[in-house]
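[1] no sequence on this one, just coordinates:
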DNA sequence: GTCGTGTTTCAAAACGTTTAGCTGCGCCTG
DNA sequence: CAGGCGCAGCTAAACGTTTTGAAACACGAC
């Protein structure tokens, strides 16, 4: 049954190759390939012979060889600043879920927000011939050489959570303006009329967007913009603490904080100053995490759709890979206002929450170490 | 200068290949390859001609082709239950750092702790011919077929944070026994002598190890083992809350909690019962995260070396890839007791901490959204 | 008998590298 | 000047697939 053709003998230490299967079952390589990719018409007897040989040899197609000839790796590269930053795991997960669904895998790189590491990573991914790249760009511009490469190379890029004016590529971002706007409107609806802001560094685009949303919401609600109620922080806990002290000394009755870490800092300041959260002032924070569920009062936050951010970016990228050329798209995802207790709707909200677990979204993903 | 040999013409839409460079610079493929891998002896003039051509064509070696012939992909597969589980990002990061350092990349998969997804992922990684696999095994056993495959296939596996008796492979885990032991000894040193335990599910091996450490430490310190002071939870917030109520009703003066989520639950119970932490009882928690820095009192915890877990696993794997065969190794990493305030050493510890930022390890990695 | 048509199978080229083996060539040595 | 030895560079095989074009064969129709 075997050993008809003069195909190469199988190497000892190696995994079985298609020609091993062919030899074992006495057919040509072509036929094996046809069976593996279950092409239409292979005779029943041959098909069975081949299938037996595949099982016997524990044959597994070599996707490297397939990639080489098909010029497709079914792999997408993803570069994030740091997977340890709690913002990103969910984004990566979203991208992986979407990619997986369409038969793609994720090659992950961390840039540490360093341009040099980012360049190395991109070069590497290009050399590995990934089919496309999801990039959360590090701060700063590409080197001219890399910029040229990116424009010329014909693999698609999709920017995640960043846009760069000099780079006309697809991007998927969150609508930070809208998120901030809603946050402030919610405070206003809750009857607050001296609303303060703890902002991120205004040179960063998303901080600026959040500030714009804050300002426009005040205007919309015909509330005064009081400059002493706007404090610029740097997105870290410590700066939230300091900004909190500064801001609270002016006794606002509502605060919107542009990031969850500064909220944590703020709450420490609140404790020190002996103030009470929903009673003395309403609070809306930005970006939500399961562990925030342990804070009292439960925080009303504007949640950024992190999973969706990753999945939509991956889907868009895969569309591009599939040949959908056309104008670059800028996709803005809407954040979601999660009303809990920190604005003073406690009685209503807590009733609703008592039915659910203490922290939501479910902390199921946190278990098992 | 060009067009001497009868090499194939370059395809239009494609990236430049080595033969394009050869044609452009009028040398053979061999010479280009030698220049790219800067092999020893290529004449200076030729080398420069080739280098110019490489720049001109923006040539980038195709690592797919290289992998095919070298039978090495310089890629390692990593399977974790869920990157969104906060335990894993740091482990993945550790693996990536170590891999990167040695010229390897990480292909990441999530198994959701499902055996089926785990199998699919492993099959895929094998087909992609990764050089090795880092696996945090999902609960349960491999299917017989897969088990056989894994034993026969000659790519190395290293288990991360798991060991399986039926699978004789390398493993890198944390020494949970030792961590628990130290935690309880610390409580004893702080003068506590009625120490309770909130344990994980005892069918899980690491929960059992932590329980053993707890019990042996009591014995060592000649303290009584009081069964009503041991409560089994399920590693979730809610169960910590319930266990806390049950446990505190017996008025222990020290508590060791086997996981950080249950600690969060416990602290809610503490608040409800009107107890105070270092005053009424000492507390040591397990596993540390930056955001725990915002709890008051600052928690004394046993930190698992997550980054090291990933990096040591990757290093071991790469050693195996490099051909270091030999008996499977079981590497236990020592956890680190981080003494803060929740055991009653407040005055000493807080002085030391006042110099540093409010939460440590540094929250630098948390910024920028 | 010849021609077309369709089915099943095959041989060989292609993908972009690395590398073993070989060819000249210049230089040294006797 | 013959022989040997490096050196620089080349040719061609190999890696494991997919896929093109064609062969072999059967079956009817003319």
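    Sure thing, it's come through. Being a predicted model, the structure only gives us computed values, none of them experimental.

[2] Tell me where the stretch 251-369 of chain A has helices.
    With DSSP state H, counting those that start in this stretch as the criterion, the stretch 251-369 of chain A has helices at A:260-272, A:277-280, A:306-321, A:346-354.

[3] For the stretch 251-369 of chain A, which residue gets nearest to DNA strand C?
    residue A:321 (17.3 Å; C-beta to the nearest atom of the strand). Where you see a C-beta, it was placed from the backbone N, CA and C, and this is true even at glycine.

[4] count of neighbours near that residue?
    Around residue A:321 sit 18 other residues, with neighbours defined as other C-beta atoms under 10 Å in any protein chain shown.

[5] Can you give me every residue that contacts the residue nearest to residue A:343 when sequence neighbours are not counted?
    Excluding the flanking residues, the one nearest residue A:343 by C-beta to C-beta, 6 or more residues apart in numbering or on different chains is residue A:282, at 4.0 Å. Residues near residue A:282 by C-beta atoms under 8 Å, 6 or more residues apart in numbering or on different chains: A:187, A:190, A:192, A:253, A:254, A:255, A:300, A:342, A:343, A:344.

[6] Quick check: the two most widely separated of those residues?
    Among the contacts of residue A:282, the pair separated by the greatest distance (C-beta to C-beta) is A:253 and A:300, at 14.7 Å.

[7] which of these two has more neighbours?
    Per other C-beta under 10 Å, whichever of residue A:253 and residue A:300 has more neighbours is residue A:300, with 25 against 16.

[8] what are the ranges of the strands in the stretch 51-200 of chain A?
    A:75-80, A:105-110, A:132-135, A:157-160, A:170-174, A:195-199 (DSSP state E, counting those that start in this stretch).

[9] Now do the closest residue to residue A:344 other than its chain neighbours against DNA strand D, distance only.
    Counting by C-beta to C-beta, 6+ apart, residue A:344 lies nearest to residue A:278, which is 4.2 Å off, once chain neighbours are set aside. Going from residue A:278 to DNA strand D by C-beta to the nearest atom of the strand, to the nearest Å gives 62 Å.

[10] so who does residue A:278 touch?
    A:297, A:341, A:342, A:343, A:344, A:346.

[11] Those residues of chain A touching DNA strand D, which are they?
    Counting by C-beta under 7 Å from any atom of the strand, the residues of chain A close to DNA strand D are A:8, A:11, A:14-15, A:17-19, A:29-30, A:33-34, A:36-37, A:59-62, A:64-66, A:68-70.

[12] from these, which would you call buried?
    Buried by 16 or more other C-beta atoms under 10 Å in any protein chain shown: A:15, A:17-19, A:33-34, A:36, A:59-62, A:64-66, A:68, out of the residues of chain A next to DNA strand D.

[13] of those, list those near chain B.
    Counting by C-beta under 8 Å from any C-beta of the partner chain, A:15, A:60, A:61, A:62, A:64, A:65, A:68 from those sit close to chain B.

[14] Look at the residue nearest to the last one when sequence neighbours are not counted and report its pLDDT.
    The spatial neighbour of residue A:68 that comes closest, neighbours along the chain excluded (C-beta to C-beta, 6+ apart), is residue B:64 at 5.1 Å. Per-residue pLDDT puts residue B:64 at 97.

[15] mind checking how far residue B:64 is from residue A:177?
    To residue A:177, residue B:64 is 43 Å away according to C-beta to C-beta, to the nearest Å.

[16] Residue in chain A with the shortest distance to DNA strand D?
    For chain A, C-beta to the nearest atom of the strand, closest residue to DNA strand D: residue A:18, 2.8 Å.

[17] State the phi and psi torsions of that residue.
    phi -60, psi -30 (degrees, to the nearest 10).

[18] Now do the same contact list for residue A:250.
    So residue A:250 contacts A:196, A:226, A:228, A:229 (C-beta under 8 Å, 6+ apart).

[19] neighbours of the second one, just the number please.
    In this case it means residue A:226. That count, for residue A:226 with other C-beta under 10 Å as the rule, works out to 14.

[20] contacting residues around it?
    A:194, A:196, A:250.

[21] Compare the strands of the stretch 51-200 of chain A and give me the one nearest chain B.
    Closest approach to chain B among those is made by strand A:105-110 (4.8 Å; C-beta to the nearest C-beta).

[22] how many degrees apart are that closest one and strand B:75-80 in direction?
    90 degrees (axes from the mean of the first three to the mean of the last three C-alpha atoms, to 10 degrees).

[23] now strand A:105-110 against helix A:306-321, angle please.
    Going by the same axes, to 10 degrees, strand A:105-110 makes 120 degrees with helix A:306-321.

[24] how far is strand A:105-110 from where the chain is centred?
    Between the centre of strand A:105-110 and the centre of its chain there are 12 Å (C-alpha atoms, centre = their mean, to the nearest Å).

[25] Give me the residues contacting it.
    By C-beta under 8 Å, 6+ apart, strand A:105-110 touches A:74-83, A:92, A:95-96, A:99, A:117, A:121, A:124-125, A:128, A:130, B:75, B:92-93, B:96, B:105-109, B:124, B:128.

[26] do stretch A:143-163 as well
    A:80, A:91, A:95, A:115, A:119, A:122-123, A:126, A:130-137, A:141-142, A:166-167, A:169-174, A:205, A:309-310, A:313-314, A:316-317, A:320-321, A:330, B:13, B:15, B:58, B:369.

[27] change it to 7 Å
    If you take C-beta atoms under 7 Å, 6 or more residues apart in numbering or on different chains as the criterion, stretch A:143-163 is touched by A:91, A:119, A:122, A:126, A:130-137, A:142, A:169-174, A:309, A:313, A:316-317, A:320-321, A:330, B:13, B:58.

[28] got the end-to-end distance for it?
    Stretch A:143-163 has an end-to-end distance of 17 Å (C-alpha to C-alpha, to the nearest Å).

[29] residues from the stretch 1-150 of chain A in reach of chain B?
    A:13, A:15, A:58, A:60-65, A:67-68, A:73, A:81-87, A:89-90, A:92-93, A:96, A:105-108, A:110, A:113, A:124, A:126-129, A:149 (C-beta under 7 Å from any C-beta of the partner chain).
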